[in-house]
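Student: structure for the following, please:
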Amino acid sequence: MYVRNTVRLPGRSTLRVARRDGTIRPLAGAESIYPAVVKSLDYWLIPVPPTAAMKGVVLGALSSGLHETRGRAVWVRRVALPLADASAYDHGVNVLCLLDTPSGTFGAALQGCWAEVSVSCPLVFEEEWRVASRARLDGGERP
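Tutor: This next block holds a predicted model:
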């Protein structure tokens, strides 16, 4: 079974996906990830609200986790299992991001890999909050 952990993204925040894990690709509503996504040295950055109007755009990526910045706070959400082959995920992705400017809907889902879940073998999502310096948020230093 797959388990998804979802969150509605607030305005004036930025969703970050590590570039080392792969690339973001459009799954619905757009032919390209641009202008919804900005590329930095270490991350794919998705500003919320988007810099241009998006209507029903769904983006996906294989990633070990999501990083969201809200001012100086950084929220990190990840699946506490090693990444499997991309073919183990629906559509080859485990991060989904919905951007819909007309409805004000901005959300992200982190999908766990295919797993047999039981009391002795749980699928664990980890979440943490921390405050980082502005240089770290802008990619000058890794968090």
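
Student: I figured Asp21 hits Ser64, correct?
Tutor: Yes: the criterion here is CB atoms under 8 Å, and Asp21 meets it with Ser64 at 5.7 Å. (Each C-beta comes from the backbone N, C-alpha and C, glycine too.)

Student: run a quick neighbour tally on the nearest residue to Leu98 once chain neighbours are set aside.
Tutor: Leaving aside its chain neighbours, Leu98 sits nearest to Gly107 (4.8 Å; criterion: CB to CB, 6 or more residues apart in numbering). By other CB atoms under 10 Å, the residues close to Gly107 number 16.

Student: I'd like the numbering to begin with 6 instead of 1 from here.
Tutor: In the new numbering, first residue 6, that becomes Gly112.

Student: tell me the bridge partners for Gly112.
Tutor: Arg13, Leu103 (DSSP bridges).

Student: gap between it and Val124?
Tutor: Between Gly112 and Val124 the distance, using CB to CB, to the nearest Å, works out to 30 Å.

Student: now do Arg17
Tutor: 41 Å.

Student: who's more crowded, the two?
Tutor: Arg17 (11 against 5).

Student: my guess is that one contacts Arg75, does it?
Tutor: Yes: using CB under 8 Å, Arg17 is in contact with Arg75, at 7.3 Å.

Student: list the contacts for the residue nearest to Leu103?
Tutor: Residues near Gly112 by CB atoms under 8 Å, 6 or more residues apart in numbering: Thr11, Val12, Arg13, Leu14, Cys102, Leu103.

Student: looking at those residues, spot the one nearest Lys44.
Tutor: Cys102 (15.1 Å; CB to CB).

Student: and the residue nearest to that closest one when sequence neighbours are not counted, what are its bridge partners?
Tutor: Excluding the flanking residues, the one nearest Cys102 by CB to CB, 6+ apart is Leu64, at 4.5 Å. For Leu64, the beta-bridge partners are Pro31, Cys102 (DSSP bridges).

Student: want to try a markdown table for the contacts of Gly112, with distance to Val42 as columns?
Tutor: Listed next are the contacts of Gly112 as a markdown table, based on distance: CB to CB, whole Å:
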| residue | distance to Val42 |
| --- | --- |
| Thr11 | 19 |
| Val12 | 18 |
| Arg13 | 19 |
| Leu14 | 14 |
| Cys102 | 9 |
| Leu103 | 14 |
